[in-house]
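Trainee: With the input below, show me the fold.
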Amino acid sequence: MDFPRCDRTAAWSALSAHFRQHRHGFDLREAFAQDPGRFGRLSLQAPEVFADLSKNLVEERTLALLLELARQCGLEARRDAMLAGAPVNHTEGRAVLHTALRAPRGEGPFSDEVHATLDAMLAYAEQVRADGRIRHVVNIGIGGSDLGPQMVLPALDAFVHAGLDFHFVSNVDGHDLAPVLRRLRPEETLFIVASKTFTTQETMANAEAAKAWFLAQGGTDLARHFAATTTNVRAAAEFGISTTFGFRDWVGGRYSLWSAIGLPIAIALGAEHFRALLAGAHAMDRHFASESLERNLPVLLGLIDVWYRNFHGFTSRSVAPYHQGLKRLPAYLQQLEMESNGKRVDGDGELLPFGTSPVVWGEPGTTGQHAYFQMLHQGTDVIPVEFILVKEPTHALPGLHEKLLANGLAQSRALMIGKTARQALQEKAPTASETLDARVLAQHRTFPGNRPSTTLLLERLTPSALGALIALYEHRVFTSGALWGLNSFDQWGVELGKALAGDLLPRLGTGETAGLDASTAGLLARLRGR
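Mentor: Residues are numbered from 1 along each chain as shown. Okay, the predicted model is just below:
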């Protein structure tokens, strides 16, 4: 398919003119004052997720132009091609079909294969859950083989098997694995080695270390205590693993929690809840595939991302989930967005004249409020914020959830309304210096306001709701990447460092520095004690 890149369309030029005309004049406070229906028009319900977009720096004309940009870039055709299994990952000649992993039986590409693997994996998960001897499950993976399961389990803690403890090891640094092993007994532990090729450097180093520990501690029946999610059955067998679950090369790592990589999730939640996770994601897939662009939540979020990144020049976005269970979501989204769209050339290999992926970062509220929100409110950079609120808690502790929700609402309101110097002058600040001029103090206590945010609201954090939320972010990333003309599904940027590490590893033993730059050679010598 040959569609124009976003900056080569008439809609892009119209957006540029629109931005020049309105960038200094648009104020959220005035927008709400002049339009009582703004919230109603700029909020919508998608599967499991309600979104309030009304505190964003957009008006009807902005959205109309962004939607026209999407159409001129062929977004709908690009979306349909991906969902149909076309090789949209053209640099690797692969389809992109993580959506097929959550399609109901008989409704997606490769359905028989997908559901045969799913059925086998869930049967094994139920077997482990029923095995009273296994008390610890250790997932050894990295990247998508770690971040997905590690994000999902705390999010769905209320649904996790009470008799099992789960541990995640990804870093090749032994300080990651060693404290986990100290808590284990071989006869009570199942290790899951998650590597599609069974050659991933960090994963295999940790797997070998875990195997050595298991045998040294008197472990027996290695095949019972190790399983693998991999397509390299032969390598797994040579390692001593007989239980394996595979997946195709059309499943990218950062989209793989729906596949066999989700084995620790399936063991934690059980078959019923794992299927609910898939069903929630599939509901969002259908929304993305069939809803009009005007009411399509992933599309609208992706378009606003383009508006902020390329016209306003905002270089980062903060994700603030007001639910402790979502504490790993910002890290998960870092990989999803920055590995997908953190690229400087388009699909034809041409250097891009505009920015692509923003930096994605954050912490759960209210923890983040006492760490980095100072910069959000009064810093020199405008950083859009994404608040995620969950209406109903899964705990019964009185009073806490209401305080949490009040804080989330207050922070988005404070970013928008700000505080003027006149308002600050009329207030008494208990901790302020009594000798400081009041007007100077007022400047320190002024908030500019008019800072944008989006609020996503879930009724409860259930498997279905979490599945929908993750799929929402996946399709949002696809939307912005498609407009930028990127291949959002390769990740060549991770290769160079790995190759250089392979060259440097033996040099740490030999001290050989030939061909190295002076800095690396000097550091190598220091590390060897010379």
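
Trainee: Next, count neighbours for Thr243.
Mentor: For Thr243, the count of nearby residues is 18 (other CB atoms under 10 Å). Backbone N, C-alpha and C define where each C-beta goes, glycine included.

Trainee: ok, now how distant is Gln426 from Leu508?
Mentor: Taking CB to CB, to the nearest Å as the measure, Gln426 falls 64 Å from Leu508.

Trainee: How about Arg135?
Mentor: Per CB to CB, Arg135 is found 38 Å from Leu508.

Trainee: Same drill for the two, tell me which one is more crowded.
Mentor: Using other CB under 10 Å as the criterion, Arg135 and Leu508 rank with Arg135 on top: 15 against 11.

Trainee: Please point out which parts of stretch 197-206 sit buried.
Mentor: 198, 200, 202-204, 206 (16 or more other CB atoms under 10 Å).

Trainee: separation between the residue nearest to Trp12 when sequence neighbours are not counted and Pro353?
Mentor: Nearest non-adjacent residue to Trp12, counting by CB to CB, 6 or more residues apart in numbering: Cys6, 5.5 Å away. Per CB to CB, Cys6 is found 11 Å from Pro353.

Trainee: Those two: which has the busier surroundings?
Mentor: Comparing Cys6 with Pro353 by other CB under 10 Å, the one with more neighbours is Cys6, at 24 against 8.

Trainee: wouldn't that one be in contact with Gly485 here?
Mentor: Yes - the pair Cys6 / Gly485 is scored as a contact, 6.9 Å apart, by CB atoms under 8 Å.

Trainee: which residues do the two both contact?
Mentor: Common contact partners of Cys6 and Gly485 (CB atoms under 8 Å, 6 or more residues apart in numbering): Cys73.

Trainee: sorry, back to before: among the buried residues of stretch 197-206, which ones are in helices?
Mentor: 202-204, 206 (DSSP state H).

Trainee: Just give me the closest of the residues you listed to Leu190.
Mentor: Nearest to Leu190 out of those is Asn206 (CB to CB; 15.0 Å).

Trainee: element containing the spatially most central residue of the chain, please.
Mentor: In the chain, the centroid-proximal residue (CA atoms, centre = their mean) is Leu333; its distance is 1.7 Å. Leu333 is part of helix 329-333, with elements assigned from DSSP states H and E.

Trainee: And Met82, by the same measure?
Mentor: helix 75-84.

Trainee: Show me where the stretch 301-450 of the chain has its strands.
Mentor: 316-322, 359-361, 385-392 (DSSP state E, counting those that start in this stretch).

Trainee: between the first one and strand 385-392, how big is the angle?
Mentor: Looking back up the chat, that one is strand 316-322. For strand 316-322 against strand 385-392, the angle by axes from the mean of the first three to the mean of the last three CA atoms, to 10 degrees is 10 degrees.

Trainee: give the contact list for Leu351.
Mentor: Applying CB under 8 Å, 6+ apart, the residues contacting Leu351 are 344-345.

Trainee: Quick check: beta-bridge partners of it?
Mentor: Judged by DSSP bridges, the bridge partners of Leu351 are Val345.

Trainee: what's the closest of the ones in helices among the buried residues of stretch 197-206 to Gly85?
Mentor: Thr203 (28.2 Å).

Trainee: and the gap between that closest one and Ile134?
Mentor: 21 Å.

Trainee: Also Lys419?
Mentor: In terms of CB to CB, Lys419 sits 56 Å off from Ile134.

Trainee: do Ile261 as well
Mentor: 20 Å.

Trainee: more neighbours, those two?
Mentor: Ile261 (29 against 19).

Trainee: Do you know the pLDDT at that one?
Mentor: With respect to pLDDT, Ile261 has a value of 96.

Trainee: Assess the claim that it and Ser145 are in contact.
Mentor: Yes - Ile261 lies in contact with Ser145 (CB under 8 Å); the separation is 5.3 Å.

Trainee: Quickly list what's touching both of the two.
Mentor: With CB under 8 Å, 6+ apart, Ile261 and Ser145 have common neighbours 194, 229, 253.

Trainee: Go through the residues you listed and flag which are in strands.
Mentor: Using DSSP state E, the subset of the shared contacts of Ile261 and Ser145 located in strands is 194, 229.

Trainee: Would you mind measuring from the closest residue to Asn206 other than its chain neighbours to Phe214?
Mentor: The shortest distance from Asn206 to any non-neighbouring residue, by CB to CB, 6+ apart, is to Ile140 (4.9 Å). According to CB to CB, Ile140 and Phe214 sit 12 Å apart.

Trainee: what about the two, which has more around it?
Mentor: Ile140 (30 against 21).

Trainee: Next, the more buried one: phi, psi?
Mentor: phi -110, psi 110 (degrees, to the nearest 10).

Trainee: With Leu516 instead?
Mentor: Given degrees, to the nearest 10, the pair of backbone angles that Leu516 has is phi -90, psi 150.

Trainee: Check Ile134 too.
Mentor: Per degrees, to the nearest 10, the backbone of Ile134 is at phi -90, psi 120.

Trainee: For it, which non-adjacent residue is closest in space?
Mentor: In space, Ile134 is closest to Leu190, 5.1 Å off (CB to CB, 6+ apart).

Trainee: still on that earlier bit, please work out which of the strands of the stretch 301-450 of the chain is packed deepest.
Mentor: strand 316-322 (a mean of 24; mean count of other CB atoms under 10 Å).

Trainee: Show residues contacting that strand.
Mentor: 305, 308, 327, 329-330, 333, 358-366, 368, 372, 376, 381, 383-390, 404-405, 407-408, 411.

Trainee: Kindly report the same for stretch 408-419.
Mentor: 28-29, 55, 320, 322, 365, 369, 373, 376-377, 385, 387, 389, 445-453, 455.

Trainee: This protein - how does it break down into domains?
Mentor: Domain assignment for the chain by automatic domain parsing gives 6-72+291-394+402-492, 98-277.

Trainee: Please compute how far the shortest one lies from its chain's middle.
Mentor: Meaning domain 98-277. 19 Å (CA atoms, centre = their mean, to the nearest Å).

Trainee: same check, this time on the first one
Mentor: Mean-position distance between domain 6-72+291-394+402-492 and its chain equals 15 Å (CA atoms, centre = their mean).

Trainee: okay, how far is it across that domain, tip to tip?
Mentor: 23 Å (CA to CA, to the nearest Å).

Trainee: now the helices for the stretch 401-530 of the chain?
Mentor: 421-425, 438-444, 463-484, 495-510, 518-527 (DSSP state H, counting those that start in this stretch).

Trainee: right, so of these, which gets closest to Ala279?
Mentor: Between Ala279 and those, the shortest separation by CB to CB is 5.8 Å, and it involves helix 463-484.

Trainee: orientation of that closest one relative to strand 385-392 in degrees?
Mentor: 160 degrees.

Trainee: Does anything pack onto helix 463-484? Which helices or strands?
Mentor: On a contact count with 3 or more CB pairs under 8 Å, 6 or more residues apart in numbering; DSSP states H and E, helix 463-484 meets strand 49-52, helix 60-72, helix 75-84, helix 271-290, helix 297-306, helix 340-341, strand 453-460.
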